[in-house]
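# fold the following for me, if possible:
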Amino acid sequence: RRYDSGRDGYIDLMELKLMMEKLGAPQTHLGLKNMIKEVDEDFDGKLSFREFLLIFHKAAAGELEEDSGLLTLAKLAEIDVSIEGVKGAKNFFEAKVQALSSASKFEAEIKAEQDERKREEEERKHRRAAFRELKSAFTQ
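Modelled structure (predicted):
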């Protein structure tokens with residue numbers, strides 16, 4: 001919410017750029033586009049809250065490349081108690097626990113959506129092959 005300046009519930013390219021700059025890890029335009037592309041489940045070019053949580057899920061699972069901007073973002077989500085103080089750390093960890101519990105709720109939904117997309121793609125390929133086969137019968 002802090003970086004969603006459009007208040008539309010999404011982080012777009014420019015909002016991600018601003019967020020990474022404020023976090024002290026500026027990225028190139030291409031780097032930002034790749035960051036979004038890596039977790040953009042619905043291919044709308046922006047990050048929903050669920051897709052944002054997917055960054056941390058992938059980081060925890062070791063699925064992000066070492067030089068990835070997303071890995072940098074996930075690492076920046078850590079907190080130094082000596083700087084923030086105990087109350088700041090408490091708020092951070094409470095938010096982190098809430099985000100992780102939300103992530104586990106969405107994990108099954110994300111997996112189901114991915115499986116559905118794969119099934120649809122396989123079905124589309126099968127229909128195309130069947131069409132080509134019928135087409136070849138008419139062209140001979």
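# from here on, just use CA atoms for contacts and neighbour counts.
OK.
# let me see the domain layout of the chain.
10-77, 85-139 (the TED database).
# which one of the ones you listed has the lowest average pLDDT?
Ranked by mean pLDDT, these end with domain 85-139 at the bottom, a mean of 75.
# which residue would you name as the spatial centre of the protein?
The residue lying closest to the centre of the chain (CA atoms, centre = their mean) is residue 39, at 2.8 Å.
# in a markdown table: the domains of the chain, plus distance to residue 4.
Listed next are the domains of the chain as a markdown table, based on distance: least, CA to CA, whole Å:
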| stretch | distance to residue 4 |
| --- | --- |
| domain 10-77 | 6 |
| domain 85-139 | 17 |
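# highest mean neighbour count out of those?
Most buried of the domains of the chain, by mean neighbour count (mean count of other CA atoms under 10 Å): domain 10-77, with a mean of 17.
# run the chain-centre distance for that one.
Remark: domain 10-77 is offset 6 Å from the chain centroid, using CA atoms, centre = their mean, to the nearest Å.
# if we can go back for a sec, closest one to residue 3 among the domains of the chain?
domain 10-77 (6.0 Å; CA to CA).
# that older thread, mind listing what the residue nearest to the centre of the chain touches?
47, 51-52, 54-55 (CA atoms under 8 Å, 6 or more residues apart in numbering).
# would you map the helices across this protein?
For the chain, the helices defined by DSSP state H cover 13-22, 29-39, 49-60, 69-76, 81-139.
# circling back: ok, which of the domains of the chain comes nearest residue 2?
Proximity to residue 2, assessed across the domains of the chain by CA to CA, is greatest for domain 10-77 (8.8 Å).
# can you put the contacts of residue 39 in a markdown table and add distance to residue 135?
Formatted as a markdown table, the contacts of residue 39 follow (distance: CA to CA, whole Å):
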| residue | distance to residue 135 |
| --- | --- |
| 47 | 42 |
| 51 | 41 |
| 52 | 45 |
| 54 | 43 |
| 55 | 45 |
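# perfect, that will be all.
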